[in-house]
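Enquirer: how would this look folded up:
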Amino acid sequence: MNHELKTRTLTFSRLMAGMAMASFVLAACGPAPAAPTAAPAATAAAKPTEAPKPAATAAPAATAVPAATAVPKPAEPTKPAAVAAPANSGNIIIGAFDQGPGGFPERFNNFQAGAGHYVFELYLSKLVRYCDVSLSKMCGDMAEKWEVSPDGKTLTFTIRDMKWHDGSKVTAADAAFTIERNFNKVDSRYSGNFAAISGATGYDPAKGSLSGLTVVDDKTLKISLDKPQPALLDTLSFIGIIQKKQWEKVVPGEMAASDIWKNGIIGSGPFIFSKYVAGQYTEFLPYADYYGGKPKVDKLINRYLPEAGTALIALQKGEIDFTYVTVDELDKIKTNADLKVIEGPSLVGQSMYLNLRIKGLDNVKVRQAIMYAIDRDLIIKTLWKGTALPSNCFFSPAGPYNAKDADPYKFSLDKAKALIKEAGVDPASLGELTFLTYYGDQLTKDMLAVISEQLAAVGFKTKLRFVDTPTFNTEFYNADPKWALAWVGAGNGPEPDNVYTSHHSTEQWPKGININPIINADLDKLLDAGRVELDPAKRTEIYQQICKLSNDNVFRAYMLESTRYGAASKKLGSFIYTPPRAAAAIAFPRSGPRTSVTGAAAAA
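Expert: Numbers count the residues shown, from 1 in each chain. Below is the predicted model of the structure:
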């Protein structure tokens, strides 16, 4: 539910073979790595290393299950009026993996996903993925290796020997087809991220192949760019590769509405999408011919629960093995001998969007006044119990792109009132401001109530509106939004170019996700420069300037970045919960039944 997020989001992946992926990692025995304390520094995309091969890990070699082994077929979703939840017993893992702001419950279109990548990587492979818990190193997934030309304008991927869940061979044509289909703006939120590919301008996937994509042979895909785009690998870590044979008869523009996403989709990941029971759960079965080895669990269940409190109760009762929790729920976990808390940086910036179409909110002095009127330090100290950091801009406050000289907007009613007076705007004249959010946990409700009270102290009248995610999407992503303020979580690492489609003036909705909209020529120039700069140091400097400019102008009321918490059964060993950025992963036990899995938990 993190919007604009590409809010990675935890994904399950490589559920075996000891591959320490970036997300949840359930591995048998062995210590888990320590939590990183900062976002990774910019790295040059022009020099990726060859992806580690399964043979180099604990994955079995050529002794995997024979090709003749029967492959379970993806099943159609069933929609009974009421279905009993699967029993949490035997070698089965059950989790509320779509719970919390990183989830994307009961929505299966990977091309439109702003979150939920925890689950997508169970059954959809990407060309590349992040493979360390700090999200600083890129590795191959469907691509076993790749090369980038010295000028950064040609990327050549070598496709791994692997199979789709129907037993057919994965080819470079599947990857090219997937990228082409992401150019349709109705089907995909990522269309703007591929704009540097040669032939992209005006390209229509309904009218043939894209000139910048060359399928050299079954194992080789070449991507040609008009200009360098160091963020392209990060974009590819979001995109689940789909099977061309299954999707090619679906007309571009109609993919978003296709039932295939939840009805028999054929993937190539470690699990087969087996069953979807609407409103209840999705079932995944281990894929025997997965390139990294067959997952060592019999079944994995993603439970859908109506709210965070329900998920926590289910965890306490032993009905599920994992759920997202908030800081105010931690005591309930810490006092339960059967459960463990997993914490780490979220890399999700929480901010208050300001509808700049509204007269008054379009005034920078009014926006600055709003920042001074909110006592973030008090909110973090009391409600968040010191587990969050104030944000200066879109980027992580602990990361390299944060502007150290940005205004911290320390709470001051006097400054807020003075700025409002200078602006010549009477807050009461704005009427009642609708304050929209999809966050439904008690902590956020309490926080937004406090913020509303603090804004009232300088004359703003707000009306809080807590809605479910589908309702939020309808009201938020709108060419004529009726909300004035919106509380949103957005993934802020590790790739700074992710800010482009939400801040550049050419990316206004519905082309991009610049919702407010933000229109600033200086910002556009910096965003364009950062998108093509290959030198890490120069690139970092550009994004620090973007941070300072955003901070000065309060394009949004950037608020805080919290610590992310998960809670898991102690029956699960070495369970690593990483930031909810796209293309994170989960690796599950690779030996023995779930009841024998032991080990300490850690987080990224």
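
Enquirer: going forward, measure contacts and count neighbours with C-alpha atoms only.
Expert: Will do.

Enquirer: Which parts of the stretch 451-600 of the chain are helices?
Expert: Using DSSP state H, counting those that start in this stretch, the helices found in the stretch 451-600 of the chain span residues 469-476, 500-503, 521-532, 536-553.

Enquirer: Quick check: buried residues in the first one?
Expert: Spelled out, that is helix 469-476. Judged by neighbour count (16 or more other Cα atoms under 10 Å), helix 469-476 contains these buried residues: Thr469, Phe472, Glu475, Phe476.

Enquirer: Leaving out sequence neighbours, find the closest residue to the first one.
Expert: Setting aside the residues directly before and after it, Thr469 is nearest to Tyr438 in space (Cα to Cα, 6 or more residues apart in numbering), at 5.4 Å.

Enquirer: and stretch 204-221, what's its mean pLDDT?
Expert: Averaged across stretch 204-221, pLDDT comes to 93.

Enquirer: Enumerate the positions of it that are buried.
Expert: Of the residues in stretch 204-221, those buried (16+ other Cα under 10 Å) are Asp204, Pro205, Ser209, Leu210, Gly212, Leu213, Thr214, Val215, Asp218, Lys219, Thr220, Leu221.

Enquirer: which residues touch the fourth one?
Expert: Leu210 makes contact with Glu180, Ser198, Gly199, Ala200, Tyr203 under the criterion Cα atoms under 8 Å, 6 or more residues apart in numbering.

Enquirer: And the last one, by the same measure?
Expert: Shown here is Leu221, whose contacts under the criterion Cα under 8 Å, 6+ apart are Thr156, Phe157, Thr158, Ile159, Ala172, Ala173, Ala175, Ala176, Leu213, Thr214, Val215.

Enquirer: Most neighbours among the residues you listed, please name it.
Expert: Most neighbours among those, by other Cα atoms under 10 Å: Ala175, with 26 neighbours.

Enquirer: so what pLDDT did that one get?
Expert: 98.

Enquirer: try Asn263
Expert: At Asn263, pLDDT is 90.

Enquirer: in the helix or strand harbouring Ile342, what counts as buried?
Expert: Assessed by DSSP states H and E, Ile342 sits inside strand 339-354. Going by neighbour count (16+ other Cα under 10 Å), the buried part of strand 339-354 is 339-354.

Enquirer: Now do that strand: distance to the chain's middle.
Expert: What separates the centre of strand 339-354 from the centre of its chain is 12 Å, taken as Cα atoms, centre = their mean, to the nearest Å.

Enquirer: What are the contacting residues of the helix or strand that it is followed by?
Expert: Next helix or strand after strand 339-354 toward the C-terminus (DSSP H and E): helix 364-373. With contacts defined as Cα under 8 Å, 6+ apart, helix 364-373 is touched by 360-361, 409-413, 415-417, 419-420, 422-423, 425, 454-455, 457-458, 552-554, 557.

Enquirer: Kindly export whichever helix or strand comes after helix 364-373 (C-alpha atoms) in PDB.
Expert: Moving toward the C-terminus from helix 364-373, the next helix or strand (DSSP H and E) is helix 376-382. Extracted in PDB, the C-alpha atoms of helix 376-382 (Å, rounded to 0.1, in the frame of the first residue of the first chain):
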ATOM      1  CA  ARG A 376       7.700  16.400  14.700                       C
ATOM      2  CA  ASP A 377      10.200  15.900  17.500                       C
ATOM      3  CA  LEU A 378       7.300  15.600  20.000                       C
ATOM      4  CA  ILE A 379       5.500  13.100  17.800                       C
ATOM      5  CA  ILE A 380       8.600  11.000  17.200                       C
ATOM      6  CA  LYS A 381       9.500  11.000  21.000                       C
ATOM      7  CA  THR A 382       6.000  10.200  22.300                       C
END
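
Enquirer: Packing partners of helix 376-382?
Expert: Applying 3 or more Cα pairs under 8 Å, 6 or more residues apart in numbering; DSSP states H and E, we find helix 376-382 packed against strand 388-390.

Enquirer: Strand partners (parallel or antiparallel) of the strand it packs on?
Expert: strand 557-569 (antiparallel) (DSSP bridges).

Enquirer: could you give the angle of the strand it pairs with to helix 364-373?
Expert: Computed with axes from the mean of the first three to the mean of the last three Cα atoms, to 10 degrees, the direction of strand 557-569 lies at 40 degrees from that of helix 364-373.

Enquirer: so for strand 557-569, what's the average pLDDT?
Expert: 92.

Enquirer: which residues does Phe108 contact?
Expert: Phe120, Trp261, Lys262.

Enquirer: Figure out the helix or strand that the first one lives in.
Expert: I take that to be Phe120. helix 117-123.

Enquirer: need the buried residues of stretch 204-221 in JSON lines with distance to Gly530 and secondary structure, can you?
Expert: Shown next, in JSON lines, are those (distance: Cα to Cα, whole Å; DSSP: H, G, I helix; E, B strand; the rest coil):
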{"residue": "Asp204", "distance to Gly530": "27", "secondary structure": "coil"}
{"residue": "Pro205", "distance to Gly530": "28", "secondary structure": "helix"}
{"residue": "Ser209", "distance to Gly530": "29", "secondary structure": "coil"}
{"residue": "Leu210", "distance to Gly530": "25", "secondary structure": "coil"}
{"residue": "Gly212", "distance to Gly530": "22", "secondary structure": "coil"}
{"residue": "Leu213", "distance to Gly530": "24", "secondary structure": "strand"}
{"residue": "Thr214", "distance to Gly530": "27", "secondary structure": "strand"}
{"residue": "Val215", "distance to Gly530": "29", "secondary structure": "strand"}
{"residue": "Asp218", "distance to Gly530": "34", "secondary structure": "coil"}
{"residue": "Lys219", "distance to Gly530": "32", "secondary structure": "coil"}
{"residue": "Thr220", "distance to Gly530": "29", "secondary structure": "strand"}
{"residue": "Leu221", "distance to Gly530": "26", "secondary structure": "strand"}
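
Enquirer: with those in mind, which one is nearest to Pro510?
Expert: The nearest member of the buried residues of stretch 204-221 to Pro510, counting by Cα to Cα, is Asp204 at 16.9 Å.

Enquirer: Low-confidence stretches in the chain?
Expert: For the chain, residues meeting the criterion pLDDT under 70 lie at 1-85, 87-90, 102, 114-116, 133, 308, 573-604.

Enquirer: mind redoing it with 50?
Expert: 1-82, 581-604 (pLDDT under 50).

Enquirer: picking up where we left off before, restricted to helices, list the contacts of Leu221.
Expert: Residues of these located in helices (DSSP state H): Ala172, Ala173, Ala175, Ala176.

Enquirer: Run a quick check on Asp141 versus Arg129, I expect a contact.
Expert: Yes - here Asp141 reaches Arg129: they are 6.2 Å apart, a contact under Cα atoms under 8 Å.

Enquirer: sorry, back to before: kindly indicate which of the contacts of Leu221 lies nearest Val277.
Expert: Ala175 (29.5 Å).

Enquirer: gap between the closest one and Lys262?
Expert: Distance, Ala175 to Lys262, using Cα to Cα, to the nearest Å: 20 Å.
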